[in-house]
Structure formats: structure tokens, C-alpha cells
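Enquirer: Sequence and predicted model, in that order:
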Amino acid sequence: MEGLTLYDLPNVLTGDLDALIERLQQEHQADELARLTKGS
């Protein structure tokens with residue numbers, strides 16, 4: 001996943017998941033958009 005680095009790991013380990021979840025959602029939305037536009 002682009003943009004996620006080991007520098008973010010301490011935040012994730014302490015429970016600060018907002019940035020990670022946001023990146024996962026963005027990646028998922030991009031995948032869905034690509035899938036939808038590919039089918040049309």
C-alpha cells in the first residue's frame with residue numbers, strides 16, 4: 001500500500017489506526033472505481 005511506512009508502525013501499535021484505515025479505504029475505493037470503469 002502506497003504511503004504507509006515503517007515510521008507509521010509505532011502509531012499503529014499504540015492503537016492510532018485512523019491513518020491506516022483511511023489509506024485502506026482510499027485503496028479500496030480506487031480498486032472499486034477501476035473495476036467499475038473497466039466493466040463499462
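Expert: Noted; the coordinates are in hand.

Enquirer: how far away is Leu33 from Gln26?
Expert: Distance, Leu33 to Gln26, using C-beta to C-beta, to the nearest Å: 11 Å. All C-beta spots, glycine's among them, are computed from the backbone N, C-alpha and C.

Enquirer: Tell me which of those two has more neighbours.
Expert: Legend: neighbour count by other C-beta atoms under 10 Å for Leu33 and Gln26, higher for Gln26 (13 against 10).

Enquirer: Where does the prediction get shaky in the protein?
Expert: 1-2, 40 (pLDDT under 70).

Enquirer: let's see it at 80
Expert: Applying pLDDT under 80 to the chain picks out residues 1-5, 39-40.

Enquirer: okay, the helix ranked longest in the chain in PDB with CA atoms only?
Expert: Taking DSSP state H as the criterion, the chain has its longest helix at helix 18-38. Taking C-alpha atoms only, helix 18-38 is exported to PDB below (Å, rounded to 0.1, in the frame of the first residue of the first chain):
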ATOM      1  CA  ASP A  18      -7.100   6.400  11.700                       C
ATOM      2  CA  ALA A  19      -4.400   7.000   9.100                       C
ATOM      3  CA  LEU A  20      -4.100   3.300   8.300                       C
ATOM      4  CA  ILE A  21      -7.900   2.900   7.900                       C
ATOM      5  CA  GLU A  22      -8.100   6.000   5.700                       C
ATOM      6  CA  ARG A  23      -5.400   4.600   3.400                       C
ATOM      7  CA  LEU A  24      -7.100   1.300   3.200                       C
ATOM      8  CA  GLN A  25     -10.400   2.900   2.300                       C
ATOM      9  CA  GLN A  26      -8.800   5.000  -0.400                       C
ATOM     10  CA  GLU A  27      -7.100   2.000  -1.800                       C
ATOM     11  CA  HIS A  28     -10.400   0.100  -1.800                       C
ATOM     12  CA  GLN A  29     -12.300   2.900  -3.400                       C
ATOM     13  CA  ALA A  30      -9.600   3.200  -6.200                       C
ATOM     14  CA  ASP A  31      -9.900  -0.600  -6.800                       C
ATOM     15  CA  GLU A  32     -13.700  -0.400  -7.000                       C
ATOM     16  CA  LEU A  33     -13.600   2.500  -9.300                       C
ATOM     17  CA  ALA A  34     -11.100   0.800 -11.600                       C
ATOM     18  CA  ARG A  35     -13.200  -2.400 -11.600                       C
ATOM     19  CA  LEU A  36     -16.400  -0.400 -12.400                       C
ATOM     20  CA  THR A  37     -14.800   1.600 -15.200                       C
ATOM     21  CA  LYS A  38     -13.200  -1.500 -16.700                       C
END
